[in-house]
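Novice: Please work out how this folds:
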Amino acid sequence: MQDKTRDLIKLYRWGDKMKTFLAFLMALFIALTFMGEKTEAKFISETKIMMDTTVSITVDGSYQDIQKAFSAIEKINFLMNDYIPSTEISVLNRKGTNKLSCDTRQVILKAIHFSKITRGAFDITVGPLVRLWQRMGREKRLPTSNELNRALSLVGYKNIKISGDTVKLLKKGMMLDLGGIAKGYAVDKAIEVLRERGVKNALVNAGGDMYCLGEGPSGKWRVGIQHPRNLRKIVGIISVANRGVATSGDYYRYHVINGKRFGHIINPATGWTVQDIPMSVTIIAPNATTADALATGVFVLGPVKGLELINSLPKVEGVIISKGMKIVTSSGWGKYEIKRFY
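Specialist: Numbers count the residues shown, from 1 in each chain. Predicted coordinates:
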């Protein structure tokens with residue numbers, strides 16, 4: 001077991017810090033998944049860099065199944081990645097209106113739904129704020145009040161108008177950022193393809209946004225919950241089947257300005273990044289899209305309101321980790337957790 005883990009870590013070790021970190025998570029995840037007695041099922045895996053992250057697909061099937069699943073993810077990337085100028089979302093952001101595919105419209109409609117149930121804590125119109133904080137990271141300074149207020153004036157999911165296959169942004173300068181939901185949706189589309197091809201057991205993991213279909217080699221899929229301040233440790237292990245799992249945290253993407261860490265998750269109401277409370281949120285939900293969006297929304301809501309929201313939703317569970325390793329869990333989290341280290 002130890003040799004296998006070391007080999008996996010070596011296999012996925014890139015020079016870039018981001019890739020090294022994601023590689024470790026992937027290696028740890030696979031190591032946890034393959035713990036225990038072996039079954040008769042023969043699993044195969046493949047990993048690619050897609051959607052600005054590491055995407056790994058493990059199936060009790062064929063390499064053709066895996067390639068079809070990757071193709072489904074790539075399709076979503078080329079529809080919704082706002083850093084590729086030709087995508088539907090990029091055109092919408094530039095022109096303020098665009099005719100969109102069914103997939104892109106569906107993601108926007110789902111995003112609006114999650115904006116409503118989180119009371120605006122999840123909002124895909126944060127694009128201007130995301131770009132502002134990216135610039136602040138490069139310039140190593142905090143935004144001025146005027147810069148922040150200007151970006152905030154362009155945020156608000158109620159200013160998205162959908163008419164048939166056409167979506168319009170009602171304020172000039174608005175920008176959609178699907179970073180908090182598109183990966184989860186892409187994972188679900190990959191799982192959809194695998195199911196159509198008759199695959200019963202699979203795991204699709206897009207940088208921590210994942211869906212666990214059926215069972216793994218040792219029964220239910222085992223997922224390690226990342227320690228938010230020690231990236232070589234995990235907080236606990238959960239066991240899941242036929243569920244989406246997603247984590248949002250401040251420990252990977254952040255800017256250091258004036259010696260202080262500013263995470264990448266932004267509060268749409270204030271324009272400021274969320275700091276330390278919480279440090280990470282992991283959600284278990286019926287699908288990866290829901291888990292992805294709620295992980296971000298709950299992160300912005302914080303431990304108290306976030307936990308209230310999780311407990312109010314059917315078939316949704318979560319764990320919230322805050323500064324000082326203060327851990328709170330939803331009422332049904334215990335039925336998934338099989339080990340806690342903190």
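
Novice: So residue 213 is in contact with residue 198, correct?
Specialist: No: Residue 213 lies out of contact with residue 198 (Cβ atoms under 8 Å); the separation is 11.7 Å. To be clear about C-beta, it is placed using only N, CA and C from the backbone, and glycine gets the same treatment.

Novice: okay, those two: which has more neighbours?
Specialist: Taking other Cβ atoms under 10 Å, residue 213 and residue 198 do not tie; residue 213 has more neighbours (23 against 8).

Novice: Skipping adjacent residues, who's closest to that one in space?
Specialist: Once flanking residues are discounted, residue 213 sits nearest to residue 202: 4.4 Å by Cβ to Cβ, 6 or more residues apart in numbering.

Novice: so the one you found touches residue 68, yeah?
Specialist: No: Residue 202 is beyond contact range of residue 68, at 11.5 Å (criterion: Cβ under 8 Å).

Novice: More neighbours: the two, which one.
Specialist: The neighbour count for residue 202 versus residue 68, taken as other Cβ under 10 Å, is higher for residue 202 (27 against 18).

Novice: contacting residues around the more buried one?
Specialist: 57-61, 65, 69, 191, 194, 213-214 (Cβ atoms under 8 Å, 6 or more residues apart in numbering).

Novice: So for it, what pLDDT did the model give?
Specialist: We note a pLDDT of 98 for residue 202 in this prediction.

Novice: got it, and residue 11?
Specialist: If you check residue 11, the pLDDT there is 30.

Novice: coming back round to it: and the residue nearest to residue 213, bridged to which residues?
Specialist: The bridge-partner assignment for residue 202, based on DSSP bridges, gives residue 59, residue 213.

Novice: do residue 209 as well
Specialist: For residue 209, the beta-bridge partners under DSSP bridges are residue 206.

Novice: Just to check, residue 297 is in contact with residue 122?
Specialist: Yes: with contact defined as Cβ under 8 Å, residue 297 counts as touching residue 122 (3.5 Å).

Novice: shared neighbours of the two, which are they?
Specialist: residue 114.

Novice: quick revisit: out of the contacts of residue 202, which one sits closest to residue 161?
Specialist: The closest of these to residue 161 turns out to be residue 191 (Cβ to Cβ; 31.1 Å).

Novice: so how far is residue 115 from the residue lying closest to residue 253 once chain neighbours are set aside?
Specialist: Spatial nearest neighbour of residue 253, excluding adjacent residues (Cβ to Cβ, 6+ apart): residue 264 at 3.9 Å. Look at residue 264 and residue 115: by Cβ to Cβ, to the nearest Å, they are 19 Å apart.

Novice: Compare these two (neighbour count), which wins?
Specialist: Using other Cβ under 10 Å, the more surrounded residue of residue 264 and residue 115 is residue 115, with 22 against 18.

Novice: Checking my notes, the more buried one in a strand, right?
Specialist: No: using DSSP: H, G, I helix; E, B strand; the rest coil, the assignment for residue 115 is helix, not a strand.
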